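Asker: make a model of this:
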Amino acid sequence: MGPRPLLLLLLGALALTETWAGAHILRYFCTSESGPGKFRHVVVGYVDDTEVMRFDSGDSNPVAQPPVPWMEQPWVEQEDPEFWEEQTRACKQCAQFSGAKLNNLRAYYNQSEDGSHTFQMTCASEVGSDGRFLSAYSQYAYDGTEIFALNLELSSTNGANKTVQITLRRDFLHQDDVELWRPLLEHTFPNRLRLFLKKGKGSLLRADPPKTHLTHHPISDHEVALKCWALGFYPADITLTWQRDGEDLTQDMELVDTRPTGDRTFQKWAAVVVSPGEEQRYTCHVQHQTMPEPLTLRWDPPPQPTMTIVGIAAALGVLGAVAAGAVMWRRKCSGRGKKSYSQAAYSDTSQGSEVSLTAPKV
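Answerer: Residues are numbered from 1 along each chain as shown. Next up is the predicted model:
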């Protein structure tokens, strides 16, 4: 055994001593596109719901590398350059494999080389919380139609792998494809996944709980939509269910796909249509790995508008009383001023008359 295979085995053995919360999966999505005088192969790798690797043969210097957010991670800079060189070699070999499959499929259908065609592969391996292999799969699709699927699953009874192979209407896909994928899915990919989890656990093993709330949307005089929101959570696996009087409404609710929010977290919502006044009979239940138990939400109506109106009316009454008092006070003060002025004027007039009468004649 050479040093490189021995190193991979040692990495796999050491990784088994690591434990994580829950199972984790490594996925690769590969797309090859051929046309007159062109061929392009793109590979994107994910650990759970985080992109960790990208390769594009259309680049001027095609190499496997982490996406931009991961370029800032310390472990990426400290990682052995051989790790990414190995990823690059694997991606280039995958491009050659996909190109050969495209040629075979085009010949199988007797298609002209002038047309454009796509060949897609998805492959994944899953390990448990103890780092041991659990399951894997590989799939091919030609021009959007699935033509091959291989599933591997660890038997819970005897610990051995049981294989389910599905070959769809394509005679040229035979046992060679199974023999190609089994060692990759059972050994190479799980070892690679353990290494990703060990080196990048600061970001890959994080868990962000969802921020939840309910919204109320009148539809008509007879219908209201209640929408249950879960925002900013990671990983993406989450369950939202509505209940009416404790009974599940799986068939009567609208559930959207989990969507990325752009900040490496996810969002999701589920809605039901209810009759006005019956909102309190409905509850939304949220399950996520960050929660020790499901969270239950019920719509709380806002304060009644009549209370607000009464409060405003009382405030206006107080203001009116104050204003009336001020007016009366001003009138009273104004009346006193007029009386004093009249008395002074009368006094001045009287004195003036008296002086006029008693003054010596000139």
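
Asker: what about Glu186, which SS state?
Answerer: Secondary structure for Glu186, judged by DSSP: H, G, I helix; E, B strand; the rest coil, is helix.

Asker: OK, contacts around it?
Answerer: Contact partners of Glu186, counting by CB atoms under 8 Å, 6 or more residues apart in numbering, are 125, 133, 136, 152, 161. For glycine as for every other residue, the C-beta is placed from the backbone atoms N, C-alpha and C.

Asker: hmm, 10 Å instead?
Answerer: By CB atoms under 10 Å, 6 or more residues apart in numbering, the residues touching Glu186 are 125, 133, 135-136, 152, 154, 161.

Asker: and the gap between it and Leu204?
Answerer: Noted for Glu186: a distance of 22 Å to Leu204, by CB to CB, to the nearest Å.

Asker: ok so, going back, can you tell me which of the contacts of Glu186 are in strands?
Answerer: Mapping the contacts of Glu186 onto strands (DSSP state E) picks out 125, 133, 135-136, 152, 154, 161.

Asker: and those residues as TSV, adding neighbour count and pLDDT?
Answerer: Listed next are these as TSV, based on neighbours: other CB atoms under 10 Å; pLDDT from 0 to 100:
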residue	neighbour count	pLDDT
Ser125	26	95
Phe133	22	91
Ser135	18	90
Ala136	25	92
Leu152	22	86
Leu154	17	75
Asn161	15	61
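
Asker: so which of those residues comes closest to Tyr282?
Answerer: Set against Tyr282, the nearest of the ones in strands among the contacts of Glu186 by CB to CB is Ser135 (36.8 Å).

Asker: wait, Ser203 touches Pro67, no?
Answerer: No - using CB atoms under 10 Å, Ser203 makes no contact with Pro67, being 11.5 Å away.

Asker: which neighbours do the two share?
Answerer: Here Ser203 and Pro67 have 50, 52 as joint contacts, going by CB under 10 Å, 6+ apart.

Asker: and the ones in strands among the contacts of Glu186, which two are furthest apart?
Answerer: Using CB to CB, the ones in strands among the contacts of Glu186 reach their maximum pairwise distance at Ser125 and Asn161, which is 12.0 Å.
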